[in-house]
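Visitor: Quick one, structure for this:
(2 chains, ligands or ions: 2)
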Amino acid sequence: MENNNQAPLVELKEISIAFGGVHAVDKASCELYPGEVVGLLGHNGAGKSTLIKILSGAYTRDSGQIFIDGKEATINNPRHAKDFGIETIYQTLALADNVDAAANLYLGREILTRWGTLDDAAMEAETRKVMNRLNPNFTRFKDPVKQLSGGQRQSVAIARAIHFNARILIMDEPTAALGPAETEQVGQLIKQLKQDGIGIFLISHDIHDVFDLADRVVVMKNGAVVGSAHTTDVTKDEVLGMIILGKCPPGATPGPGAAQA
Amino acid sequence: MSDTPQDVKESAFVRFLRATEVDTRLLGMIGALMLIWLGFHFYGYFVNGYGAFLTPRNLWNLSVQTSSIAVMATGMVLVIVTRHIDLSVGSLLGFSAMIMGVMQVWILPKYLGLGHPAIWPITVLVGIAFGTMIGAFQGFLIAYLNIPAFIVTLGGLLIWRGASYLVARGETIAPVDPTFALIGGGPYGTIGATGSWILGIVVCLGILFLLYSGRQQRKRFNFPTRPLWAEYLLGGVGTAVVLGAVMVMNAYPWPKGIVKKYAAANNIEVPEGGLFISHGFAIPILVAIAVGIAMTFLATRTRFGRYVFAIGGNPEAAELAGINTKKMTMMIFALMGALTGIAAVIASARLKSATLALGQFDELYVIAAAVIGGTSFAGGIGTIYGAILGALVMQSLQSGMVLIGFDASIQQMVVGGVLVVAVFLDNLYRRNSV
Ligand SMILES: Nc1ncnc2c1ncn2[C@@H]1O[C@H](COP(=O)(O)OP(=O)(O)OP(=O)(O)O)[C@@H](O)[C@H]1O
Ligand SMILES: [Mg+2]
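Guide: Ligands and ions are numbered 1, 2, ... in the order given. Okay, the predicted model is just below:
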């Protein structure tokens, strides 16, 4: 899918961050090309969320570089990331609990009337359209999102990430709370976004889903990258071996976290 | 302050609430207010032989006394909604008042001459700017240096009280500029009967316009609208309350001495039975109403307000959504400071002086007003109109106790108790309502 002559959309180079003594991410590198879905895999606590939070500006890295379109990018807070067209669905969803779906969808990017006041009606109307596409059963537009179910909240978080023409989409376990129909819907959505040339980081523990949707996988273990591989070059069992044992199969490119044989 | 569990069963009542979109908390607060008013009135009537509470005179005074607390309470809502607290408002009010006193009594007359017309506007601007700066400074410490608001403003409570003592060298500064004093009310600091009627009618038209445009807006996007009878009812009750307030304010006449002086100065013949000159709305109430409207607009119709509530609901999510939460925090405290400056204008103008004790314990009244008005310490929830009503409840309690002759010591105990009970009732209400 990607084309190696082209500069990657995103390149993360030797990113490290530690919390106290814990090296949550240790010299992790990976890249993402336009129209590519990269599955980020690893055991619980491997450092996946932390790595993508550095890209989304939620955390500031201790060392390493981020390149967007081949140019070094300064991303020190979520506003910087959004300026680069990076949208994120966080594992924790990160919704403002006490306001409704429309307010969440447009948080930080509100539609204003010509008087400079909030145009709540317009925002709600737009939100109804987006949610209709994503989750037609969603009807609770007036309630604070605190009162919604886990899946409904997740739908709101997904809607927010895709609504603003992202170039780079980060999805941290986007379907963890969704039912089968809604999960299928998100799968379709990912394929469509890919067609539009958007680069997607997809974090998931469902290896079947990842093989279904991703072009490449990057596996992390204890904060370091075990290796990366095209999904066509490795088997699911080999990837499981990477996740659990840190063993890099022949079809994969080893990273600094690969177990020494 | 809270609804009763029976409400759930009365489906007609529930349907009424749904149709009018009036929340039970508002009804509860109005109920509590009525209870306090009637309670004090009839206590006075039966025990002292004279019910003094529900008289135009007392209600007029009550409205003036509520103004300064109400102005600050609107800001405290935003502070508490974002999970902070401001304990320094009473001392900051005293300090701003002192600075304004020094400005208009010691400094400006020296350069402009006594009674110069520019004295009062300069003084007011300096006072508000001063409050804003101190508020912003405290907000800076809280937002950027991560010192908890409780500590910063507890420090402020002591520091600004001490500072006003230093500035005034322990003296009371008086008398203030006569035009400045009008902002505090008093017979001349009112808009009279005609002015009050005009204002009342304008406000009524405003209410009707808001109801109408709200309905049009919902229709435009095909959202459900209230039934027509509910719209008429809301419009009817709203205008009746406003016009009733006008009538009460106008029913309180100027005292005889003032009328005589005024008549003499304007060559008016005072007729046999005396001359009835109405007070009408006092200027401080107009200031409080204007602040209330502006703050409601800010809280509900602007980005700033939306961010305040989003931060209160989930600070981390707000930050991840790209909101500059540190800057917002600083601005909220700056706004609190500005409102404290406005309250200082009202309070010192009303006293016609800046005293050392001005604003003492006000932080408690302001916080109590916000909490009684439904602002939750858990963050993310609160309304401006609730806080203004809360201020009215607190001030009604206070004035009522003075009227029927309670000791200052008992007054303090009651206010303290009410604050604790209000938070308890608030918890009950939330548990039952969601
Ligand atoms: N804010 C934080 N403070 C301290 N430690 C943290 C913080 N965030 C993450 N960590 C630690 O960093 C490591 C990596 O966490 P991370 O959330 O990135 O894991 P993950 O790969 O996303 O796991 P999961 O699959 O469970 O979501 C963990 O050991 C975690 O305890
Ligand atoms: Mg994670």
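
Visitor: Quick check: which ranges of the stretch 201-350 of chain B have low pLDDT?
Guide: Within the stretch 201-350 of chain B, not a single segment meets pLDDT under 70.

Visitor: Residue of it closest to ligand 2, please.
Guide: Using C-beta to the ion, the closest approach of the stretch 201-350 of chain B to ligand 2 is made by residue B:320 at 14.4 Å. C-beta: built from backbone N, CA, C; applies to glycine.

Visitor: Off-centre distance for stretch B:226-242?
Guide: In terms of C-alpha atoms, centre = their mean, to the nearest Å, the centre of stretch B:226-242 is set 24 Å apart from its chain centre.

Visitor: can you check stretch A:126-133 too?
Guide: That offset, for stretch A:126-133, works out to 21 Å (C-alpha atoms, centre = their mean).

Visitor: Now do the SS call for the closest residue to chain B within chain A.
Guide: Going by C-beta to the nearest C-beta, chain B is nearest to residue A:98 of chain A, at 3.5 Å. State at residue A:98, reduced to three classes by DSSP: H, G, I helix; E, B strand; the rest coil: coil.

Visitor: From residue B:317, how far off is it?
Guide: Separation of residue A:98 from residue B:317 (C-beta to C-beta, to the nearest Å) stands at 10 Å.

Visitor: what residues are up against the residue of the stretch 201-350 of chain B closest to ligand 2?
Guide: Counting by C-beta atoms under 8 Å, 6 or more residues apart in numbering or on different chains, residue B:320 makes contact with A:56, A:58, A:78, A:88, A:90, A:94.

Visitor: ok, for it, nearest residue in space, not its chain neighbours?
Guide: Distances taken as C-beta to C-beta, 6 or more residues apart in numbering or on different chains place residue A:94 nearest to residue B:320, at 4.5 Å, with adjacent residues excluded.

Visitor: burial count for the one you found?
Guide: 23 (other C-beta atoms under 10 Å in any protein chain shown).

Visitor: Give the helix, strand or coil label for it.
Guide: Going by three-state DSSP: residue A:94 is coil.

Visitor: Wait, it touches residue B:315, no?
Guide: No: between residue A:94 and residue B:315 there is no contact under C-beta atoms under 8 Å: 10.6 Å.

Visitor: Neighbours of residue B:114, how many?
Guide: 10.

Visitor: Next one: it from ligand 1, what distance?
Guide: As defined by C-beta to the nearest ligand atom, to the nearest Å, residue B:114 lies at a distance of 63 Å from ligand 1.

Visitor: do you know how far that residue is from residue B:107?
Guide: 12 Å.

Visitor: Grab the most central residue of the chain for me.
Guide: Just so you know, I chose chain A. residue A:170 (1.8 Å; C-alpha atoms, centre = their mean).

Visitor: um, chain B though
Guide: residue B:70 (1.1 Å).

Visitor: helix/strand/coil for that one?
Guide: Under three-state DSSP, residue B:70 comes out as helix.

Visitor: Chain neighbours aside, what residue packs nearest to it?
Guide: residue B:391 (3.9 Å).

Visitor: For the one you found, grab phi and psi.
Guide: Torsion angles at residue B:391 (phi, psi; degrees, to the nearest 10) stand at phi -60, psi -40.

Visitor: wouldn't residue B:392 be in contact with residue B:65 here?
Guide: No: with contact defined as C-beta under 8 Å, residue B:392 does not count as touching residue B:65 (9.8 Å).

Visitor: Just want to know which of those two has more residues nearby.
Guide: For residue B:392 versus residue B:65, neighbours defined as other C-beta under 10 Å are more numerous around residue B:392 (25 against 22).

Visitor: Contact partners for the more buried one?
Guide: Residue B:392 is in contact with B:33, B:62, B:66, B:70, counting by C-beta under 8 Å, 6+ apart.

Visitor: Could you list the contact residues of the stretch 201-350 of chain B toward ligand 2?
Guide: Nowhere does the stretch 201-350 of chain B come near ligand 2, counting by C-beta under 5 Å from the ion.

Visitor: Now do the same contact list for residue 37.
Guide: Assuming you mean chain A. Residues in contact with residue A:37 (C-beta under 8 Å, 6+ apart) are A:190, A:194, A:199, A:200, A:202, A:213, A:214, A:215, A:216.

Visitor: sorry, should have said chain B
Guide: B:53, B:54, B:396, B:400.

Visitor: Redo the residues you listed as a markdown table? Include pLDDT and neighbour count.
Guide: Below are those laid out as a markdown table (pLDDT from 0 to 100; neighbours: other C-beta atoms under 10 Å in any protein chain shown):
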| residue | pLDDT | neighbour count |
| --- | --- | --- |
| B:53 | 93 | 22 |
| B:54 | 94 | 15 |
| B:396 | 95 | 23 |
| B:400 | 92 | 23 |
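
Visitor: Sitting in helices, which of those do you find?
Guide: B:396, B:400 (DSSP state H).

Visitor: is it possible to export the contacts of residue B:37 to a markdown table including distance to chain A?
Guide: Below are those laid out as a markdown table (distance: C-beta to the nearest C-beta, whole Å):
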| residue | distance to chain A |
| --- | --- |
| B:53 | 38 |
| B:54 | 38 |
| B:396 | 30 |
| B:400 | 35 |
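
Visitor: what's the closest of the contacts of residue B:37 to residue B:121?
Guide: Residue B:121 has its nearest neighbour among those in residue B:396, at 32.8 Å by C-beta to C-beta.

Visitor: Next up, the contacts around the closest one.
Guide: Residue B:396 neighbours (C-beta under 8 Å, 6+ apart): B:33, B:36, B:37, B:40, B:62.

Visitor: could you redo the last one with a cut-off of 7 Å?
Guide: B:33, B:36, B:37, B:62 (C-beta atoms under 7 Å, 6 or more residues apart in numbering or on different chains).

Visitor: Distance check, it against ligand 1.
Guide: According to C-beta to the nearest ligand atom, residue B:396 and ligand 1 sit 48 Å apart.

Visitor: still on that earlier bit, in strands, which of the contacts of residue B:320 fall?
Guide: Among the contacts of residue B:320, the residues falling in strands (DSSP state E) are residue A:88.

Visitor: near ligand 1 too, which of the contacts of residue B:320?
Guide: For ligand 1, no contacts are drawn from these by C-beta under 6 Å from any ligand atom.

Visitor: For the contacts of residue B:320, give me CSV that also has pLDDT.
Guide: Shown next, in CSV, are these (pLDDT from 0 to 100):
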residue, pLDDT
A:56, 96
A:58, 95
A:78, 94
A:88, 95
A:90, 94
A:94, 92
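
Visitor: Quick check: of the contacts of residue B:320, which lies closest to ligand 2?
Guide: Nearest to ligand 2 among the contacts of residue B:320, counting by C-beta to the ion, is residue A:90 at 9.0 Å.
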